[in-house]
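Chemist: Sequence plus predicted model, see below.
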Amino acid sequence: MSQKFKHLDKIHSYFAAGNVGSFFGGLAIGDQPFKADVFFFLFICVLLRVKFWIDDLEYFDNVAEGRHSAKRGFYIGLVMAILSWLPWLLAGFNDKNVPLSALFMMLVMLFSTLWVFSTWIGDHPYREQVGWGFYNIIYMVGFFLLWKQNASWFPMKDLHEYLPYAILTVMLVVFLFDLTNSRTLSALASKQEP
């Protein structure tokens with residue numbers, strides 16, 4: 001945890017934990033039955049939130065240590081990050097309704113992508129940020145497809161039983177590429193060393 005952003009790190013961690021908790025809490029809301037696609041969706045969303053949480057803390061540390069600038073783009077991006085926290089909660093509490101939850105996750109990815117792009121204002125992106133922008137756009141497309149899977153114009157709506165699993169499987173593969181191409185695992189490992 002960076003000393004410069006000590007309170008921001010704590011607030012961010014509380015919201016991230018709340019976001020993760022909302023996905024499990026969403027399972028208890030209402031009495032509608034749910035299928036395995038809800039658990040797969042929950043799994044992907046929780047993985048994404050934990051990864052973003054770790055990446056964000058690492059980014060704050062890098063800014064605090066002067067490795068990345070804290071110019072105007074950083075503060076615009078911070079506003080975008082904070083704006084993403086509410087859709088994370090709404091996605092979690094509505095996770096038994098995958099299309100609705102996917103709409104909220106699409107908003108999360110939009111705000112997260114705007115955060116990444118805004119940090120480039122007056123600065124050059126570093127390798128990971130380019131990847132984050134790229135992967136976020138792919139996640140956004142995946143959530144869009146989940147949101148619109150039952151629309152009358154959707155070309156594959158006849159495959160509605162299998163389509164969520166196919167989309168989520170592709171998103172999981174993209175997540176694994178994202179995870180291996182970023183420093184998330186090494187950042188997590190370095191936090192565990194004494």
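Modeler: Good, I have the coordinates.
Chemist: got the contact list for F144?
Modeler: Taking Cβ atoms under 8 Å, 6 or more residues apart in numbering as the criterion, F144 is in contact with 102, 106. No exception for glycine: its C-beta is placed from N, CA and C like everyone else's.
Chemist: Now it: which helix or strand?
Modeler: Using DSSP states H and E, F144 maps to helix 127-147.
Chemist: L27 now?
Modeler: helix 6-28.
Chemist: Which neighbouring elements make contact with that helix?
Modeler: helix 36-64, helix 72-93 (3 or more Cβ pairs under 8 Å, 6 or more residues apart in numbering; DSSP states H and E).
Chemist: Quick one: those as CSV, columns for mean pLDDT and mean neighbour count too.
Modeler: Below are these laid out as CSV (pLDDT from 0 to 100; neighbours: other Cβ atoms under 10 Å):
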stretch, mean pLDDT, mean neighbour count
helix 36-64, 88, 19
helix 72-93, 88, 19
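Chemist: Figure out which of the ones you listed is closest to I138.
Modeler: Taking Cβ to Cβ, helix 36-64 is the member of the helices and strands packed on helix 6-28 nearest to I138, at 11.6 Å.
Chemist: Surely V116 and E128 touch.
Modeler: No. Assessed by Cβ atoms under 8 Å, V116 is found out of contact with E128, at 9.4 Å.
Chemist: more crowded one of those two?
Modeler: Comparing V116 with E128 by other Cβ atoms under 10 Å, the one with more neighbours is V116, at 24 against 18.
Chemist: which residues touch that one?
Modeler: 77, 125, 129, 132-133, 136.
Chemist: Only whichever of these are buried, select them in PyMOL.
Modeler: Filtering those down to the buried ones (16 or more other Cβ atoms under 10 Å) takes a single PyMOL command:
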select buried, resi 77+129+132+133+136
